[in-house]
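Colleague: give me a 3D structure for the following:
(chains A and B)
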Amino acid sequence: MSTQPHVPDVDNATLEDRLYTVKYEDPGDSHLDVRIPGFCEERCTTDDCVEVCPADVWRKEDGDEVPTIAYENCLECGSCRFACPYDNVVWEYPENGAGVTYRFG
Amino acid sequence: MTAETAQDDMDGGRLSHDRTVSDPNYDGEFDAVVVGAGLAGSAAAITMARDGLDVIVLERGVSPGAKNVFGGVLYTPTIRELVDIDDAPLERYVGEKRFGMLSDDDETAVALRPGEWHEEPHNDSYTVLRGDFDEWFAEQAVEAGATLVTETTVTDLLRADDGTVVGVDTDRPDGELRASMVVLAEGGNSLVSEGADLKETPDRRDVAVAVKEVLEFPDNDDAIQDRFRLSGDAGASYHYFGDGAVGDAFGGAFIYTNDDTLSVGLAYRIEDAVSSQPKPERTLNRFKSHPAVAPLVRGGRTVEYTAKTIPEGGADAMPDLVHDGAVLVGDTAGLVLNNGVHLEGTNMAVESGYYAGQAVASAVENGRTDADALRSYSRSLNDSFVVQNLERYEWLMETATEDRDLMFRELPRAIADAGGEYFRIDREPKATHAENAKARLLRTVGGWRGAAKLAWRYRKVIS
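Modeller: Take a look at the predicted model:
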């Protein structure tokens, strides 16, 4: 609820609902990976991949030393690849038309 | 039109869909392979096909546009020269531009509605949706004689012993496809070009992350016309800066009107996205809830959520455009202008595709496809508005980054405060309000001396 009477409420869809608007075909295997898990465990303290991702593909729950990758959320923007200061993101295009299909774009 | 029918239609069905799926077998049949059926790729394909080359366009999506995202304004001066845009799936022409500075709960805005923009060709500015437009534009390439194959991902470049690019490898069975030239139009996430060492991975200070929603208004048919004061095919492009738009980050937000949807989104540097900034999706929510924005988007239902990265490194970050057997165009070549006031990329993509296409055609005709034989592409692009504009505003990113707090946080707030003060209605004389307003602004910019310095630093934005 808006606390200011002159500002109308904007009902934002949840991320889950937002991702549900995008047609997706599962390529079967993840098109994303980490190159060397040791970098994530030992060097990385900032989790930039998690911070930048617009689709919660990259996640670090309590106790995770290496991010988990929900590749089926991926909107294929590539931001994680640029964000990682250790160049530790493996990023491939999903093959044969799999992955997201945008209707409007 | 689906990908299948697009393929069936080509050349009277010479290429059946079956064959494209199970057995590409185009090895050596084509003069040029275009990687990616976006704006730059299709512009190149149209140009080369019309110059008599045998051209194949490989698109990784199920149809052209399926993997493509932009804000939404297509600038058409060159497209209009290449194809008849009367049949193009345009949404609305841009009849109003509005620039709003947002602090936490203020907006100070400037709006322009020149009468001329309502007359054809509408300043060559139209909102479009890329799913529709890119498919249509790729069809124009097919009509010009190019072959389009979808759902095919280029995985690598093929090289001769001397390093010359001689074709591509794809994810199809027996997917190697040799050709005299390769045009890399794969977008800003340039895995093929980077993998083949034709460009370096851009620094994250030079790349923006963008998110966008397409909103529809199921309960209010007139929402878009009424809220944006539109009639007929007129549309609006609203741009927002300041911390009410994108928080601490260096970037901006936008609302564009389509036929019966809005494109609402924002973009800011990845360097900033990984710092104190909330995640992009949260930043979008915050922007949509701003007191000046919420009334425009309320009641909107999200029909699509998209994300993209934008190369914003400018002229300094451009890779080499020509290589032995290959050229880089569009986002792959880093051709996006974002200086705050001008946000352009579609026109630059098409322009680069056009010049690259011309250079490739003449190189192939002359039987030489080494980098030197392709230099006319980089020369033409350097002489065009594309590189001239990038160079003109090169300084701006650096300067504005240095002044970020002032430009995006302190100044928007000061201007809002000064405006409120200047127009304040109470029992003080106007002279007092004017004096207070001036003092408020001067305090933020460091007095008259600071104001003069600032004006000098940014003089080239409007000169």
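Colleague: do stretch B:67-81 and chain A meet at all?
Modeller: Yes. Using Cβ under 8 Å from any Cβ of the partner chain, stretch B:67-81 reaches chain A at B:67-70. (Each C-beta comes from the backbone N, C-alpha and C, glycine too.)
Colleague: return the residues in contact with the closest residue to B:Ala434 other than its chain neighbours.
Modeller: Excluding the flanking residues, the one nearest B:Ala434 by Cβ to Cβ, 6 or more residues apart in numbering or on different chains is B:Tyr422, at 6.2 Å. With contact set as Cβ atoms under 8 Å, 6 or more residues apart in numbering or on different chains, B:Tyr422 has these partners: B:433-434, B:437.
Colleague: turn the residues of stretch B:67-81 next to chain A into TSV, including distance to A:Gly63.
Modeller: Listed next are the residues of stretch B:67-81 next to chain A as TSV, based on distance: Cβ to Cβ, whole Å:
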residue	distance to A:Gly63
B:Lys67	35
B:Asn68	39
B:Val69	35
B:Phe70	40
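Colleague: so among these, which ones count as buried?
Modeller: Among the residues of stretch B:67-81 next to chain A, those classed as buried by neighbour count (16 or more other Cβ atoms under 10 Å in any protein chain shown) are B:67-70.
Colleague: can you pick out the most distant pair from those?
Modeller: B:Lys67 and B:Phe70 (11.8 Å; Cβ to Cβ).
Colleague: state the distance from the residue most central in space within chain A to B:Gly187.
Modeller: Centre of chain A computed as the mean C-alpha position; nearest residue by Cα atoms, centre = their mean is A:Val57, 2.8 Å away. Distance, A:Val57 to B:Gly187, using Cβ to Cβ, to the nearest Å: 18 Å.
Colleague: how about stretch B:352-369: buried residues?
Modeller: Going by neighbour count (16+ other Cβ under 10 Å), the buried part of stretch B:352-369 is B:352-361, B:363-364, B:369.
Colleague: quickly find the element holding the closest residue to A:Gly78 other than its chain neighbours.
Modeller: Excluding its sequence neighbours, the residue lying closest to A:Gly78 (Cβ to Cβ, 6+ apart) is B:Asn189, at 3.4 Å. According to DSSP states H and E, B:Asn189 maps onto no helix or strand at all.
Colleague: what about the helices in the stretch 351-463 of chain B?
Modeller: Using DSSP state H, counting those that start in this stretch, the helices found in the stretch 351-463 of chain B span residues B:375-383, B:385-392, B:394-402, B:404, B:411-422, B:430-445, B:447-457.
Colleague: the longest one vs helix B:447-457, what angle?
Modeller: Angle between the axes of helix B:430-445 and helix B:447-457 is 60 degrees (criterion: axes from the mean of the first three to the mean of the last three Cα atoms, to 10 degrees).
Colleague: picking that back up, next, format the contacts of B:Tyr422 as JSON lines and append pLDDT.
Modeller: Listed next are these as JSON lines, based on pLDDT from 0 to 100:
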{"residue": "B:His433", "pLDDT": "97"}
{"residue": "B:Ala434", "pLDDT": "97"}
{"residue": "B:Ala437", "pLDDT": "97"}
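Colleague: mark which of these are buried, thanks.
Modeller: Buried, going by 16+ other Cβ under 10 Å: B:433, B:437, out of those.
Colleague: which stretches of chain A aren't confidently modelled?
Modeller: A:1-3 (pLDDT under 70).
Colleague: what kind of secondary structure is the nearest residue to B:Asp272 once chain neighbours are set aside in?
Modeller: Ranked by Cβ to Cβ, 6+ apart and with sequence neighbours excluded, the top spatial neighbour of B:Asp272 is B:Ala249, at 3.7 Å. With DSSP: H, G, I helix; E, B strand; the rest coil as the basis, B:Ala249 sits in coil.
Colleague: now B:Ala249. Its backbone dihedrals?
Modeller: Per-residue torsions, B:Ala249: phi -80, psi 160 (degrees, to the nearest 10).
Colleague: that one is in contact with B:Gln277, isn't it?
Modeller: Yes. Here B:Ala249 reaches B:Gln277: they are 5.1 Å apart, a contact under Cβ atoms under 8 Å.
Colleague: state the distance from B:Arg130 to B:Gly265.
Modeller: Counting by Cβ to Cβ, the gap from B:Arg130 to B:Gly265 is 13 Å.
Colleague: wait, B:Glu176 sits on B:Asp156?
Modeller: No. Contact between B:Glu176 and B:Asp156 fails when scored by Cβ under 8 Å: they sit 9.4 Å apart.
Colleague: find residues that contact each of these two.
Modeller: Listed as contacting both B:Glu176 and B:Asp156 by Cβ under 8 Å, 6+ apart are B:168-169.
Colleague: check contacts around the residue nearest to the centre of chain A.
Modeller: Residues in contact with A:Val57, defined by Cβ under 8 Å, 6+ apart, are A:32, A:69-71, A:73-74, A:80.
Colleague: quickly note the distance from it to B:Arg286.
Modeller: Distance from A:Val57 to B:Arg286, by Cβ to Cβ: 21 Å.
Colleague: can you pull the contacts of the residue most central in space within chain B?
Modeller: Nearest to the mean C-alpha position of chain B, by Cα atoms, centre = their mean, lies B:Gly345 at 3.8 Å. B:Gly345 makes contact with B:70, B:310, B:331, B:335-337, according to Cβ under 8 Å, 6+ apart.
Colleague: if you set the cut-off to 7 Å instead, what comes out?
Modeller: Contact analysis of B:Gly345 by Cβ atoms under 7 Å, 6 or more residues apart in numbering or on different chains lists B:70, B:331, B:335-337.
Colleague: same check on B:Gly115?
Modeller: For B:Gly115, the contact set (Cβ under 7 Å, 6+ apart) is empty.
Colleague: could you do the one 10 residues further on as well?
Modeller: Contacts here follow Cβ under 7 Å, 6+ apart; on that basis B:Ser125 touches B:73, B:75, B:93-94.
Colleague: go again with 6 Å.
Modeller: For B:Ser125, the contact set (Cβ atoms under 6 Å, 6 or more residues apart in numbering or on different chains) comprises B:73, B:75, B:94.
Colleague: ok, so of those, who is nearest B:Pro319?
Modeller: Checking the contacts of B:Ser125 one by one against B:Pro319 (Cβ to Cβ), the nearest turns out to be B:Tyr75, at 23.0 Å.
Colleague: is the closest one in a bridge, and if so with what?
Modeller: B:Ser125 (DSSP bridges).
Colleague: need the pLDDT of it.
Modeller: Per-residue confidence (pLDDT) for B:Tyr75: 98.
Colleague: number of nearby residues for it?
Modeller: Neighbours of B:Tyr75 under the rule other Cβ atoms under 10 Å in any protein chain shown: 22.
Colleague: that one contacts B:Asn347, doesn't it?
Modeller: Yes. Contact criterion Cβ atoms under 6 Å: B:Tyr75 and B:Asn347 qualify, at 3.7 Å.
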